[in-house]
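[1] below: sequence and its predicted model.
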Amino acid sequence: MAEAMTLPHPQTTEPGAFTAALADQVSGMRLEALQSEALTVAKQCLLDWIGVSLAARSEPLVRILIEELAPRDAEGGVSLLGHARRARIDDAVLINGAQGHALDFDDVIMPMGHPTVPVAPVVFALAEQRGLTGAQALEAFIQGVEAECRIARLMGPSHYAKGWHATATLGTFGAAVAASRLLGVEGQALRHAFGLAGAQAAGLKSVFGTMSKPLHPGKAAQNGLLAARLAARGFTSDPDVLASPQGFADTQSASRNPAGALAEREAPFVVDALFKYHAACYLTHDSIEAAAQIRLEEGVGPEEIVSVQVKVPAGHLGVCNIPAPATGLECKFSLRMTTALALAGEDTFQEALFSDRTACRPDLVALREKVVIDPTQTGRGCLVCVTLRDGRTISRTGDVSQPMRDLGAQQGKLERKFRHLATPAIGPERAGRVIELCRELEQQRDLAALIGLCRIR
């Protein structure tokens, strides 16, 4: 593998050429030209997605989706992770996408959102259906993530700030690009796939804390797959949907940055993936880390605390500021509750902690009521200040915004996380084998063995 790569910077001087330039840029990426770091992180993303998906196999929202969309085994269908059943490919990618986000424990790339969960279900489904190689699957996955992240740069911060859920909207394009790669959709047909993706892209932040948030990446996966399949048959759309008047960016962004979207990079965006080690919204992780430091380093107990101030960027208020969560899902999007959990010494790595029972525990509710959110933080990270009964004020800063560059250490952390999440579903031996196959994904002749290990027999 090459040690470095500069992604091409297409020229976009002709009117209506922007979508074509971006499509050509991402579709021109080839596995053999990518640095080994990109392949390693991409495989880590897929391993992490499998783990969080298996752990969510029994979530109520997953049960409802299976009952509605896949009530019986579909002959000729593709696998549902963590289940014995197969479903029609369109339904399978929706269910697997929603399941992978049900715990909100999947990876993040700022400012795109959750990059893997809209793309991986499409890659796995098409690879299973068509007997594709691990190298083909990995290449398509990296291209899909690249498309999501470049379109995120195009849209700028206003898209998410307005209330669009970027994982859903941008994820639709990522899924379409990955599917197009595996289906052989290219040239003008690929531009129409972008147009079809833009015509379907949707998702609202107002549903955070409900079952509809995990539904978003499932729908993104399903819609992106449909976009590619229709484009392969000659279905038309706006071939410059990203830059057209009344197109995707024109209607959904007030901070467009075309140059940023096409800017040269030394490595694909997948290398910027951030992984979760707390089973809650990623924007709560800074405060969880800071509060945990205060508890561990200062020996502070809940009974000593008078008040807590959590200073965060203003943008957090529209994402994870549910003041009085009543359910486990709402707890994941409550800065007040997640800070209280960390100060109380609860293990926020344990996905089972985020339950309706936890939301209503009197001791945690009392501690939560002492937490005030201050949306005036600037720059990276957040500041947690705890005032104690003895008059002292203790503060710590948390910042989880930077990717780990020690990929060996990251692999170790992710393997421990994977074993914790996957072992209850598939057992320790099969969990270990999944780790091995993911490490060498590009060498696999197909994904049959890997997907087979992720099915419940």
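    Sure thing, it's come through. Numbering: from 1, shown residues only.

[2] what residues of stretch 48-67 count as buried?
    48-57, 59, 61-62, 65-66 (16 or more other Cβ atoms under 10 Å). (Glycine included, C-beta is placed from N, CA and C.)

[3] ditto for stretch 321-330
    Within stretch 321-330, the residues scored as buried using 16+ other Cβ under 10 Å are N321, I322, P325, T327, G328, L329, E330.

[4] out of those, flag the one nearest to G184.
    Comparing the buried residues of stretch 321-330 against G184 with Cβ to Cβ picks out L329 as the nearest, at 39.5 Å.

[5] kindly indicate whether that closest one is helix, strand or coil.
    Put simply, L329 is helix when judged by DSSP: H, G, I helix; E, B strand; the rest coil.

[6] make sure it is actually in contact with S212.
    No. Here L329 does not reach S212: they are 10.1 Å apart, not a contact under Cβ atoms under 8 Å.

[7] how far away is the residue nearest to the spatial centre of the chain from L296?
    The centroid of the chain falls nearest to H114 when counting by Cα atoms, centre = their mean (2.0 Å). Going from H114 to L296 by Cβ to Cβ, to the nearest Å gives 29 Å.

[8] kindly report the same for L81.
    Where L296 is concerned, L81 sits at a distance of 35 Å (Cβ to Cβ).

[9] and what of S79?
    42 Å.

[10] between those two, which is the more surrounded one?
    Neighbour comparison, S79 and L296: the larger count goes to S79, with 22 against 12 (by other Cβ atoms under 10 Å).

[11] which strand residues bridge the more buried one?
    R86 (DSSP bridges).

[12] about what we covered before: helix or strand for the nearest residue to the residue nearest to the centre of the chain once chain neighbours are set aside, which one?
    Sequence neighbours aside, T167 is the residue nearest to H114 in space, at 4.4 Å (criterion: Cβ to Cβ, 6 or more residues apart in numbering). If you go by DSSP states H and E, T167 is part of helix 166-183.

[13] where do the strands sit along the stretch 301-450 of the chain?
    Remark: strands assigned in the stretch 301-450 of the chain by DSSP state E, counting those that start in this stretch are 305-311, 371-374, 382-388, 393-398.

[14] out of those, which gets nearest to L204?
    strand 371-374 (22.0 Å).

[15] can you pull the buried residues of the closest one?
    V371, I373.

[16] adjacent strands (with direction) for that strand?
    strand 305-311 (parallel).

[17] ok so R256 is a helix residue?
    No. Read with three-state DSSP, R256 is coil and lies in no helix.

[18] that one - how many residues pack around it?
    Neighbours of R256 (other Cβ under 10 Å): 19.

[19] hmm, G156 and it touching each other?
    Yes. Contact criterion Cβ under 8 Å: R256 and G156 qualify, at 6.1 Å.

[20] ok so, going back, now do the contacts for the residue nearest to H114.
    H101, M112, G113, H114, P115, V117, P118, G203, H216, P217, A220 (Cβ atoms under 8 Å, 6 or more residues apart in numbering).

[21] ok, those residues vs Q129, which is closest?
    Among the contacts of T167, and counting by Cβ to Cβ, the member closest to Q129 is P118, at 18.1 Å.

[22] helices of the stretch 1-150 of the chain, start to end?
    Taking DSSP state H, counting those that start in this stretch, the helices of the stretch 1-150 of the chain run over residues 18-27, 36-55, 60-69, 89-101, 116-130, 134-155.

[23] tell me what L388 is bridged to.
    The partner residues for L388, given DSSP bridges, come to I305.

[24] over to T376: give its phi and psi.
    phi -120, psi 10 (degrees, to the nearest 10).

[25] remind me which residues of the stretch 201-350 of the chain are low pLDDT?
    Low-confidence segments of the stretch 201-350 of the chain, defined by pLDDT under 70, are absent.
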